[in-house]
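Chemist: Sequence and predicted structure are below.
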Amino acid sequence: MKRVARIIPAAEMTAAAIDRVVLDAGDRNRRRIVMAGEKGTQFLLDVDKPVSLRDGDGLVLDDGSIILVTGQFEPLIEIAAGSALDAVRLAWHLGNRHTDVQIIGDKIRIRRDHVLEDMLRGLGAKLFPLDAPFDPEAAAPSHEHHHGA
């Protein structure tokens with residue numbers, strides 16, 4: 001079985017792909033998985049640490065061929081704030097709830113969630129429903145720390 005040898009970030013992806021995989025945001029965070037492209041190319045992603053694949057990334061297989069990663073459309077909400085300070089406040093509330101967010105220019109995107117949508121409206125946000133690939137910000141690395149006794 002072919003294996004992924006390296007990943008080309010979307011911003012650097014210029015080569016033609018022989019196939020593509022369409023994955024939602026959750027399925028693009030992996031360490032080890034067998035995948036099949038739309039044209040039937042089967043391959044193994046097997047890396048030391050989980051990776052966050054982005055819409056538009058290229059997976060270079062060990063034979064040099066490339067598979068395009070395409071983000072599956074998901075039901076999202078795009079959030080607009082009245083000011084930069086309001087945007088920071090909204091982002092803080094979303095982060096406080098450990099919500100996955102994607103930053104697009106001066107907008108924030110989250111997965112549809114009626115409870116969060118009600119909260120955001122209550123905080124003065126303007127909400128715009130859409131279906132689009134979701135590329136949430138990577139989680140901050142967690143560091144274990146021990147407290148001395």
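Modeler: Thanks, I have it. Computed from a prediction, not measured in an experiment: that's the story for all the values here. Numbers count the residues shown, from 1 in each chain.
Chemist: Domains of this protein: list them as residue ranges, please.
Modeler: Here the domain assignment for the chain is 2-71, 73-133, based on automatic domain parsing.
Chemist: need the ones you listed in TSV with mean neighbour count, can you?
Modeler: (Glycine included, C-beta is placed from N, CA and C.) Shown next, in TSV, are the domains of the chain (neighbours: other C-beta atoms under 10 Å):
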stretch	mean neighbour count
domain 2-71	15
domain 73-133	14
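Chemist: Now mean pLDDT too, for those, in a markdown table please.
Modeler: Shown next, in a markdown table, are those (pLDDT from 0 to 100):
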| stretch | mean pLDDT |
| --- | --- |
| domain 2-71 | 94 |
| domain 73-133 | 96 |
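Chemist: Look up how far residue 102 lies from the most centrally placed residue in the chain.
Modeler: Nearest to the mean C-alpha position of the chain, counting by C-alpha atoms, centre = their mean, stands residue 135 at 2.6 Å. Taking C-beta to C-beta, to the nearest Å as the measure, residue 135 falls 5 Å from residue 102.
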